[in-house]
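In: just need the structure, nothing else, for what follows:
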Amino acid sequence: MRPIEMLPRRRRRRRRIRVRAMPGWSVNRLIPNLLTLMALCAGLTAIRLAVAERYETAVAAIIIAGVLDGLDGRIARLLKGMSSFGAQLDSLSDFVSFGVAPAVLLYLWTMGAILSVGWALVLLFAVCCALRLARFNTQIGAELPPYAYNFFTGVPAPAGAGLVLFPLFIGLEARALHWEWLLAAAQFPPFCALALIGTAALLVSTLPVWSFKNFKVPAEYVLPLLLGTGLFVALLVADPWAALAAAGLIYLGMLPFSARSFRRLKAAAEGEGDADAIVTRDA
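Out: Coordinates of the predicted model:
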């Protein structure tokens, strides 16, 4: 017999690990997602600035996040670069920038004065924002009647951030004008609590709100709209906090008209459907 060490060794077959190439992303899909990440970074930066009590710069960071959030979706549709990954990333960015950051700003601004109650109201707003975004994600790809395509269900997250920061806009304007009485009113915790609760209710409501995606302006309103936009931009440059507070009030005033427009379109569509049914029955 041959010694053990002289026995031939069995060759083991080495498994070759095949590395599959990751599917590449086209520029059409990459650009919108980069804008979404920039919006997310702006929202996180707003939180850092709020902790440092730089409230003016923190509000500016949230506004930048809102502008980027408005651009990424439109650019994605323009470049035909929409994807489910981008939709989920956009929702996460919106939650941080428009759900968490404004809540932290208000807590550090004044709601921390009432301790646990203030924190509970801040959590309420953030949770309602998360629920609103989750509901929006479930409606992606769902078949909607034609009259409902130009409407959101509930106030969108960026608009909710603008509404809930209304006391902060008033307070910053009062600080710039050295109006101590108005600053004290803006920092009054029940006033901020009302803004938190009311905005949270609007976020999770079923109120139909104009989305302005395919909004067509009648010809007779084009010139007044351009003039109004120019005046608002001039006010925004001259007195940004007053302009932002006025924009919040104008948006709130538009909500009843949005609901009325939705009801009219729905009634007209149902009336046409009933007329078609009658014609088909008679035939």
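In: pretty sure Gln88 contacts Ile140?
Out: No. In terms of Cβ atoms under 8 Å, Gln88 does not count as a neighbour of Ile140; the distance is 9.6 Å. The C-beta positions use only the backbone N, C-alpha and C, and glycine is treated the same way.
In: quick one, strands of the stretch 101-250 of the chain?
Out: Secondary structure of the stretch 101-250 of the chain (DSSP state E, counting those that start in this stretch): strands at 151-153, 208-210.
In: out of these, nearest to Trp109?
Out: strand 208-210 (26.5 Å; Cβ to Cβ).
In: Pro102 versus the residue lying closest to Ala103 once chain neighbours are set aside, what's the distance?
Out: In space, Ala103 comes closest to Val122 once its chain neighbours are excluded; the distance is 4.4 Å by Cβ to Cβ, 6 or more residues apart in numbering. Counting by Cβ to Cβ, to the nearest Å, the gap between Val122 and Pro102 amounts to 9 Å.
In: and the two? Which one has more around it.
Out: In this view Val122 and Pro102 are compared by other Cβ atoms under 10 Å, and Pro102 has more residues nearby, 32 against 24.
In: wait, that one touches Leu165, no?
Out: Yes. Counting by Cβ under 8 Å, Pro102 sits close enough to Leu165 to count as a contact (5.4 Å).
In: overlap in contacts of the two?
Out: Listed as contacting both Pro102 and Leu165 by Cβ atoms under 8 Å, 6 or more residues apart in numbering are Ile62.
In: for stretch 246-261, C-alpha coordinates in CSV please.
Out: These are the backbone C-alpha positions of stretch 246-261, laid out as CSV (Å, rounded to 0.1, in the frame of the first residue of the first chain):
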residue,chain,number,x,y,z
ALA,A,246,-49.1,86.6,2.9
ALA,A,247,-48.6,83.6,0.7
GLY,A,248,-49.8,81.3,3.5
LEU,A,249,-53.0,83.3,3.9
ILE,A,250,-53.6,83.4,0.1
TYR,A,251,-53.1,79.6,0.0
LEU,A,252,-55.6,79.1,2.8
GLY,A,253,-58.1,81.3,1.0
MET,A,254,-57.7,79.2,-2.2
LEU,A,255,-58.8,76.0,-0.5
PRO,A,256,-62.5,76.6,-0.5
PHE,A,257,-62.4,77.6,-4.2
SER,A,258,-60.5,74.4,-4.9
ALA,A,259,-63.1,72.3,-3.2
ARG,A,260,-65.9,74.1,-5.1
SER,A,261,-64.1,73.5,-8.4
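In: can you list contacts of it?
Out: Where contact means Cβ under 8 Å, 6+ apart, the residues beyond stretch 246-261 that reach it are 151, 155, 159, 162-163, 165-166, 169, 202, 207-210, 232, 235.
In: buried ones in it?
Out: Residues of stretch 246-261 classed as buried by neighbour count (16 or more other Cβ atoms under 10 Å): Ala247, Gly248, Tyr251, Leu255, Ser258, Ser261.
In: much appreciated, bye for now.
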